[in-house]
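1. Structure for the following, please:
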Amino acid sequence: MKALNIDQPWAELIVRGRKKIELRNKRTSYRGLIVVRATKTVLIEYCKKYSLDPDKLPTGKIVGTVEIVNVIDFTQKLWEDLRNEHLSDAPQPGNLKGWKLNNPKCLQSPIPYPRTLPGIFNLPEETAEKIRKAEKIEG
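-> From the prediction side, this is the model:
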């Protein structure tokens, strides 16, 4: 099972279905289910913007799953048209790619998971099994 580290509040907004495009510097050929692991980084200004209490957001934990269904190469128009899905305040996309997400699910009880390298990584089978058994709620 694949997983991805994402800062808060972005991780929370993804598993709740509010953020539908994850912004990354690189494309990915991966398509399918991915586990969302919230890093220990909490961006306070965005928590306030999206009315989330930064002290209540899980960090260093697996918070849910989502599917990567496509990768978007932004034009300026597409960047503006999809702003409500990627949620970035930036005036232009620069070199960012958009990982289009679908079917978000929150874990009812986040699962602690130690720090890993950035980007997509493989979870040990033991952790993947915990996620399969965990009760999930629709984003």
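2. And the longest helix along the chain, what's buried?
-> In the chain, assigned by DSSP state H, the helix with the most residues is helix 125-133. Buried residues in helix 125-133, counted by 16 or more other Cβ atoms under 10 Å: 127, 131. The C-beta positions use only the backbone N, C-alpha and C, and glycine is treated the same way.
3. Please put the alpha-carbon coordinates of it into CSV.
-> Output of helix 125-133 as CSV, limited to C-alpha atoms (Å, rounded to 0.1, in the frame of the first residue of the first chain):
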residue,chain,number,x,y,z
GLU,A,125,2.1,-4.8,5.4
GLU,A,126,1.3,-4.7,9.1
THR,A,127,0.3,-1.0,8.9
ALA,A,128,-1.6,-1.5,5.6
GLU,A,129,-3.6,-4.2,7.3
LYS,A,130,-4.5,-1.8,10.2
ILE,A,131,-5.8,0.7,7.6
ARG,A,132,-7.8,-2.0,5.8
LYS,A,133,-9.5,-2.9,9.1
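4. Quick one: list the elements packing against it.
-> On a contact count with 3 or more Cβ pairs under 8 Å, 6 or more residues apart in numbering; DSSP states H and E, helix 125-133 meets strand 61-73, strand 97-112.
5. pull the CA atoms of the helix or strand following the shortest one into PDB?
-> So the one you mean is strand 61-73. The first helix or strand that comes after strand 61-73 along the chain, using DSSP states H and E, is helix 76-81. Output in PDB follows, covering the C-alpha atoms of helix 76-81 (Å, rounded to 0.1, in the frame of the first residue of the first chain):
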ATOM      1  CA  GLN A  76      -2.800  30.000 -16.100                       C
ATOM      2  CA  LYS A  77      -6.500  29.600 -17.000                       C
ATOM      3  CA  LEU A  78      -6.700  26.100 -15.600                       C
ATOM      4  CA  TRP A  79      -5.000  27.200 -12.400                       C
ATOM      5  CA  GLU A  80      -7.600  29.900 -11.900                       C
ATOM      6  CA  ASP A  81     -10.500  27.700 -12.900                       C
END
